[in-house]
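Chemist: The following block contains a protein sequence and its predicted model.
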Amino acid sequence: MQLTPLPAFADNYIWLLQHQQQVLAVDPGDGQAVLQWLAREPGLQLDTILVTHHHADHTGGLNDLVLATGARVFGPALEKLPVPCTPVAGGDEISWGPLNWQVLDVPGHTAGHVAYWAQPADQSPVLFCGDTLFSGGCGRLFEGTAAQMLQSLDHLSRLPTNTRVCCAHEYTLSNLRFARTVEPGNMQLAAYELACQARREQGQPTLPAVLGQELEINPFLRSRVPAVRAAAAQHAGAAAPDDAGVFAQLREWKNQFK
Ligand SMILES: [Zn+2]
Ligand SMILES: [Zn+2]
């Protein structure tokens, strides 16, 4: 089963998964980019589209793709998409080829954001997490609270550590600059940043990330680690009263970070 990050716009990835002649696309912000990719290999059939949230850079290609391919679309039950879709929410399952996608509720970036996780028989698991979890970072809180996002990331953190994390944006290097400011003593983080810089210099994506690695380097998955808490408190000028408060301090710090 082949997994491809198709670059779109400035820094989006449209994830494509291929099983035999069947193709599944995730968050197709740009329909023409997907159609051009499909045209390179005759016989491929886009039959399923998964949408994580309603933002236009994730949904802008839906109309074109549904018209051209008739693909079925699954999207978050709490959000409105530009095409008719089968609404899904946490606990639902979607069968595609040999896979069973599990739907996870991960509100925070948007109110109804969902993620999709599956375990191929002979490969490590795959997570499509949209704009919730990025390598070294997390999505901005446009419609949700820090407490919701923390709970969503906690949920993702409990997935198998070999899960391939397919984020929707190439934000890794700027995220890691922030992560290094929060945790200057984290040696795994320093090594990971060097590896990601090398990949970008070669024009390669830094993704998919690996969940176990993210747990070691991503400050937004590490907001209960004493060094991260201390850094957040020092930057904010006061210790937060609880876990959600620490997370809010970190998110606010990142929002201001240049
Ligand atoms: Zn978004
Ligand atoms: Zn986005």
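Modeler: Received, thanks. Residues are numbered from 1 along each chain as shown. Ligands and ions are numbered 1, 2, ... in the order given.

Chemist: since we're on the nearest residue to residue 19 once chain neighbours are set aside, how many residues are nearby?
Modeler: Spatial nearest neighbour of residue 19, excluding adjacent residues (Cβ to Cβ, 6 or more residues apart in numbering): residue 97 at 4.0 Å. Placement of C-beta: from N, CA and C, glycine included. Residue 97 has 17 neighbours, counted by other Cβ atoms under 10 Å.

Chemist: Let me know whether residue 97 touches residue 23 as I believe.
Modeler: No. Counting by Cβ atoms under 8 Å, residue 97 stays clear of residue 23, with 10.0 Å between them.

Chemist: thinking again about what came up before, now do the contacts for the residue nearest to residue 19.
Modeler: 1, 19-20, 22, 24 (Cβ atoms under 8 Å, 6 or more residues apart in numbering).

Chemist: Buried among those residues? Make that a ChimeraX selection.
Modeler: Here is the ChimeraX command that selects the buried residues among the contacts of residue 97 (16 or more other Cβ atoms under 10 Å):
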select :1,22,24
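
Chemist: Quickly check the contacts of residue 97 for the two that are furthest apart.
Modeler: Based on Cβ to Cβ, the longest span within these runs between 20 and 24 and measures 11.8 Å.

Chemist: Among the contacts of residue 97, which one lies nearest to ligand 1?
Modeler: residue 24 (19.9 Å; Cβ to the ion).

Chemist: does that closest one sit in a helix, a strand or a coil?
Modeler: Using DSSP: H, G, I helix; E, B strand; the rest coil, the structure places residue 24 in strand.

Chemist: Quick check: it touching residue 51?
Modeler: No. Between residue 24 and residue 51 there is no contact under Cβ under 8 Å: 11.7 Å.

Chemist: residues near the residue nearest to residue 113 when sequence neighbours are not counted, how many?
Modeler: Using Cβ to Cβ, 6+ apart and skipping the chain neighbours, the partner closest in space to residue 113 is residue 53 (4.4 Å). Residue 53: 28 surrounding residues under other Cβ under 10 Å.
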